[in-house]
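[1] For reference, the sequence and a predicted model appear below.
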Amino acid sequence: EDEARAELARLAQAIVQADAAYHQKDAPEISDAAYDALKQRNAAIETRFPDLKRADSPSERVGAAPVEGFAKVRHERRMLSLGNAFAAEEVAEFDARIRRYLGLSDDAPLAYTAEPKIDGLSLSLRYENGELIQAATRGDGGTGENVTANARTIDDIPTRLEGAPDVLEVRGEVYMAHADFEALNARQEAAGEKRFANPRNAAAGSLRQLDSAVTARRPLKFFAYGWGVLSAPLADTQMGALQRLKTLGFVINPLTELCDGPDRLLAHYAEIEQRRATLGYDIDGVVYKVNDLALQDRLGFRSTTPRWAIAHKFPAELAWTR
Ligand SMILES: NC(=O)n1nc(-c2ccco2)nc1N
């Protein structure tokens, strides 16, 4: 009984904290699944020890459940996270591993693209016959949230495309620029509303608003960096596909470069790291991708990450200090 009483106290505190993060900071500290598990554990103990139920039990609190939220969307092609590299040697290993996997000799040409890794939240945009019909967050990679109405309010996201494949899913990152973030927090403060901890939380909280009129007032931006389902190929190479997306009206990160091998990748990494503080938006590394799409298809994916791509991260930045 004492064990149960103590655990109920811990659960109540954890659930209150999770609710506060979800509702106040627009940035849940734990996943919906973890939240649900806390609630179920609490209910199970209360069922077993009814007389231990707390006056402030989370199972009785009105509005405790996170906002009923968005319709769920299944991603036909999983939205994957990236493997990480932290040291230069790991970049050489990434290249060597790919050469081994493909049976390429050390001196065979093997090009990569290198682009800044935007520190925002991933979004998948589905266009059919040139119409934006669905926008979904990454979620757990297999199932995300339907945020179509909110995505339509983002200027960088075209609602209509000319000359696109019949079915085209564009993937990219929603983010908030530093200047827009500061201005938003000033408005929040003036209105007696909560401030956002950092641009990523502000972008996430703004995109995951149930009221799209709120999203429309939030300065969100979008860089396209990839694709999902395609009814026809965009190009034969990563760089060519990005150029095609640009032609279709998407914003591609201007610091994206074609590199002929690990040394060039590291040189570009250093250049981007040099310019990081002047970009006006948060990045947390550089993403290297094999440029040839036929090779990407042969390389495929590891359990959860592409074999053909890696994120070379910057050393963790101090707490958001601007
Ligand atoms: N976050 C970001 O900027 N990303 N993320 C990818 C990615 C994730 C999976 C495949 O590619 N690429 C870029 N530029």
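    Noted; the coordinates are in hand. Numbers count the residues shown, from 1 in each chain.
[2] surely residue 238 meets residue 225?
    No. Counting by Cβ atoms under 8 Å, residue 238 stays clear of residue 225, with 9.4 Å between them. Bear in mind the C-beta positions are built from the backbone N, C-alpha and C, glycine included.
[3] Give me the spatial nearest neighbour of residue 314, chain neighbours excluded.
    Sequence neighbours aside, residue 285 is the residue nearest to residue 314 in space, at 5.5 Å (criterion: Cβ to Cβ, 6 or more residues apart in numbering).
[4] That neighbour reaches residue 313, doesn't it?
    Yes. Contact criterion Cβ under 8 Å: residue 285 and residue 313 qualify, at 3.9 Å.
[5] Need the overlap of contacts for those two.
    Residues touching both residue 285 and residue 313 (Cβ atoms under 8 Å, 6 or more residues apart in numbering) are 84, 117.
[6] Which residue of those two possesses the greater neighbour count?
    Between residue 285 and residue 313, counted using other Cβ atoms under 10 Å, residue 285 has the larger neighbour count: 23 against 16.
[7] OK, contacts around the more buried one?
    Per Cβ under 8 Å, 6+ apart, neighbours of residue 285: 84, 116, 117, 311, 312, 313, 314.
[8] and the fourth one, what are its bridge partners?
    With DSSP bridges applied, residue 311 shows beta-bridge pairing to residue 84, residue 287.
[9] Quick one, grab the pLDDT at the residue of the chain most remote from its centre.
    Centroid-distance maximum for the chain: residue 51 at 43.9 Å, with Cα atoms, centre = their mean. Per-residue pLDDT puts residue 51 at 86.
[10] now do residue 66
    pLDDT, residue 66: 40.
[11] what does residue 321 give?
    Looking at residue 321, the pLDDT reads 51.
[12] before we move on, what about residue 10?
    Looking at residue 10, its pLDDT reads 88.
[13] Run a quick neighbour tally on it.
    Each residue near residue 10 was counted by other Cβ under 10 Å, and the total is 12.
[14] what's the helix or strand for it?
    Assigned by DSSP states H and E, residue 10 belongs to helix 2-23.
[15] Ignoring the adjacent residues along the chain, who's closest to the closest residue to the ligand within the stretch 201-322 of the chain?
    For the stretch 201-322 of the chain, the residue closest to the ligand is residue 225, as judged by Cβ to the nearest ligand atom, at 3.6 Å. Take residue 225 and drop its neighbours on the chain: the residue closest to it by Cβ to Cβ, 6+ apart is residue 172, 5.1 Å away.
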